[in-house]
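Trainee: Sequence and predicted structure are below.
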Amino acid sequence: MDIFQPPIKRSVTIAGHQTSITLEPLFWDALEQAAADASLPLNALVAQIDADRLTVDDPPNLASAIRSWLFVQATRDDA
């Protein structure tokens, strides 16, 4: 697998609103797998991550929040 691929922009629906998220394919694959593992639609998982990021004082953008969330999940899985 070539990990150095350009980002891909996709549209997702969060709380009834469409938004675009740009992530590298590696992160899209990991996000899709995390949604499948949680038995959630991709939009629902993204909505959860979005809601969580908005609880901090200085929330990152959604793409950064997704990458950070995926990293934390991966490190938990390795423990």
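Mentor: Cool, got the structure.
Trainee: Quick check: phi and psi at Ile14.
Mentor: Ile14 adopts backbone torsions of phi -120, psi 120, taken as degrees, to the nearest 10.
Trainee: Could you pull up the residues touching the spatially most central residue of the chain?
Mentor: Residue closest to the mean C-alpha point of the chain, counted by Cα atoms, centre = their mean, is Ile66 at 3.4 Å. By Cβ atoms under 8 Å, 6 or more residues apart in numbering, Ile66 lies in contact with Ile21, Leu23, Phe27, Leu31, Val46, Ile49. In short, each C-beta sits where N, CA and C put it, glycine included.
Trainee: ok, 6 Å please
Mentor: Counting by Cβ atoms under 6 Å, 6 or more residues apart in numbering, Ile66 makes contact with Ile49.
Trainee: where in this protein is pLDDT low?
Mentor: Residues of the chain meeting the criterion pLDDT under 70: 1, 77-79.
Trainee: residue boundaries of the helices in it?
Mentor: If DSSP state H is used as the criterion, the helices of the chain fall at 25-37, 42-53, 62-78.
Trainee: give me every residue that touches Ile14.
Mentor: Ala47, Asp50.
Trainee: what sits opposite it in the beta ladder?
Mentor: Residues found in beta-bridge contact with Ile14 (criterion: DSSP bridges) are His17.
Trainee: and it, how far is that from Gln5?
Mentor: Relative to Gln5, Ile14 is positioned 25 Å away (criterion: Cβ to Cβ, to the nearest Å).
Trainee: Also Leu26?
Mentor: On the measure of Cβ to Cβ, Leu26 and Gln5 end up 7 Å apart.
Trainee: More neighbours: which of these two?
Mentor: The neighbour comparison of Leu26 against Gln5 (other Cβ atoms under 10 Å) goes to Leu26, with 16 against 11.
Trainee: What is the burial count for the nearest residue to that one once chain neighbours are set aside?
Mentor: Leaving out its chain neighbours, the residue that sits closest to Leu26 by Cβ to Cβ, 6 or more residues apart in numbering is Ile3, at 5.5 Å. Residues near Ile3, counting by other Cβ under 10 Å, number 7.
Trainee: before we move on, what about Pro59?
Mentor: Pro59: 13 surrounding residues under other Cβ under 10 Å.
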